[in-house]
Structures are given as structure tokens and as C-alpha cells.
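Enquirer: Generate a structure from the sequence data that follows.
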Amino acid sequence: MRFLESENIRLRALEPEDLELLYEWENDSSLWITGNTRAPYSKFQLKEYISQAKNDIYSDGTLRLMVFDKISGQTVGTIDLFDFDFHHSRVALGVFVAEKFQGNGYASQSLPLVENYVFNFLKINQLYALVAENNLISRKLFETNYEQNGYLRNWLKTPDGFENVLIFQKFK
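Expert: You can find the predicted model right below:
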């Protein structure tokens, strides 16, 4: 059984060749609003991050997987597992697809792969995602197969004020 691969895509570990993509994506300031980034990353910092990644969620508490299109041979985005809590058997999920690849189903194809990996290989009980209320594309992605179990009021500071975040959960 292949946990991180389907007919069309593969979720793979970071490679040194991903440096330029990460540099482009991590330094896109329009994306910073939904995360915790407040300043650009240098190529040196990202190179160190790639070289030091153990790809062990148990020791790092996080795991970044690259979304690779097997047909085109292009890396189109990332899946991040973070805030891993072994004791409570849960992990947060973040999905990113580069703008030029959006609308091609990469996120919806990646979710079942990462869910299978988390639930059946890692044996974790819960995946959860925090989605900005106005992020309609991400909301649609998670509303399909996840339970919306609450919201965090005024959670994200935006140039226009504060925005609520919806909490989505999926259980094994």
C-alpha cells in the first residue's frame, strides 16, 4: 500500500532542488496574512531548513510534504502537518497550492493521501485545519469531508481589521 501516492500525484519529502520554489512561496508577502511569517526568508535560511529537516514528525513536531504532479513532473504546492500532539493524538493540517496551479484539483487529491497517512500509518486520531472565514476555496475543500466544529473570533489580523477563523476537524 502506498500512503503518499496516487495515480496523478505524490506527496514527497523536501529536496535540495526545492530551494527556489520555497524561496518564491515563502517570500510571497500576500500569503503571510494567514500564517505567522512577518519577514522574508533568505536562501541561506531555507537551505538550512531543507538540510536539517529530519522528516520525522515525532521529533520535529512538524512535517512538510511537497505536492508533486507525476504527469507534468512539476511540484505544485505543499502539505504541512504541524502542531503535532502525540499525547492527544492530533495534528494540524495546512494546504498550499501555488497560484498558477490552482483550480486543477491538487488540494482535493492531496487530502485523501495525507489523511490515509495520518490515520492509517501514523495512527493519529484527529486532523484539524484552521481556515480564514473569507477563504472560500479552502472552506469548500474542508466543508466537503470535515466537520466544522467552531470558530475563533477575530483570530487573524488583516489590513482591514480582524477576521474570524473556522475550525475543521476530521477523525479516524
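
Enquirer: need the contact list for Arg64.
Expert: By Cβ atoms under 8 Å, 6 or more residues apart in numbering, Arg64 lies in contact with Leu14, Ala53, Thr78, Ile79, Asp80, Leu81. From N, CA and C alone the C-beta is placed, and that goes for glycine too.

Enquirer: Once you drop chain neighbours, what's closest to it?
Expert: Leaving aside its chain neighbours, Arg64 sits nearest to Asp80 (5.2 Å; criterion: Cβ to Cβ, 6 or more residues apart in numbering).

Enquirer: picking that back up, which of the contacts of Arg64 has the weakest pLDDT?
Expert: On pLDDT alone, Ala53 ranks lowest of the contacts of Arg64, at 84.

Enquirer: ok, that one touching Pro16?
Expert: No. In this structure, Ala53 is not within contact of Pro16 by Cβ atoms under 8 Å, at 10.7 Å.

Enquirer: What strand or helix carries Asn36?
Expert: Applying DSSP states H and E as the criterion places Asn36 outside every helix and strand.

Enquirer: could you measure Lys43 against Glu20, distance?
Expert: Lys43 sits 8 Å away from Glu20, taking Cβ to Cβ, to the nearest Å as the criterion.

Enquirer: thinking again about what came up before, give the residue from Ala53 and Pro16 that has the larger number of neighbours.
Expert: Each of Ala53 and Pro16 has its neighbours counted (other Cβ atoms under 10 Å); Ala53 has more, 14 against 8.

Enquirer: List the contacts of the more buried one.
Expert: Going by Cβ under 8 Å, 6+ apart, Ala53 touches Ala13, Leu14, Asp60, Arg64.

Enquirer: Same question for Asp60.
Expert: By Cβ under 8 Å, 6+ apart, the neighbours of Asp60 are Ala53, Lys54.

Enquirer: gap between it and Lys100?
Expert: Distance of Asp60 to Lys100, computed by Cβ to Cβ: 29 Å.

Enquirer: swap in Gly150?
Expert: Gly150 is 34 Å from Lys100, where distance means Cβ to Cβ.

Enquirer: Look at the residue positioned nearest the centre of the chain and give its secondary structure.
Expert: For the chain, Gly94 is the residue whose C-alpha lies nearest the centre (Cα atoms, centre = their mean; 2.7 Å). Taking DSSP: H, G, I helix; E, B strand; the rest coil as the rule, one finds Gly94 in the strand state.

Enquirer: Once you drop chain neighbours, what's closest to it?
Expert: Counting by Cβ to Cβ, 6+ apart, Asp80 is the residue found nearest to Gly94 once chain neighbours are left out, at 4.0 Å.

Enquirer: Thanks a lot, catch you later.
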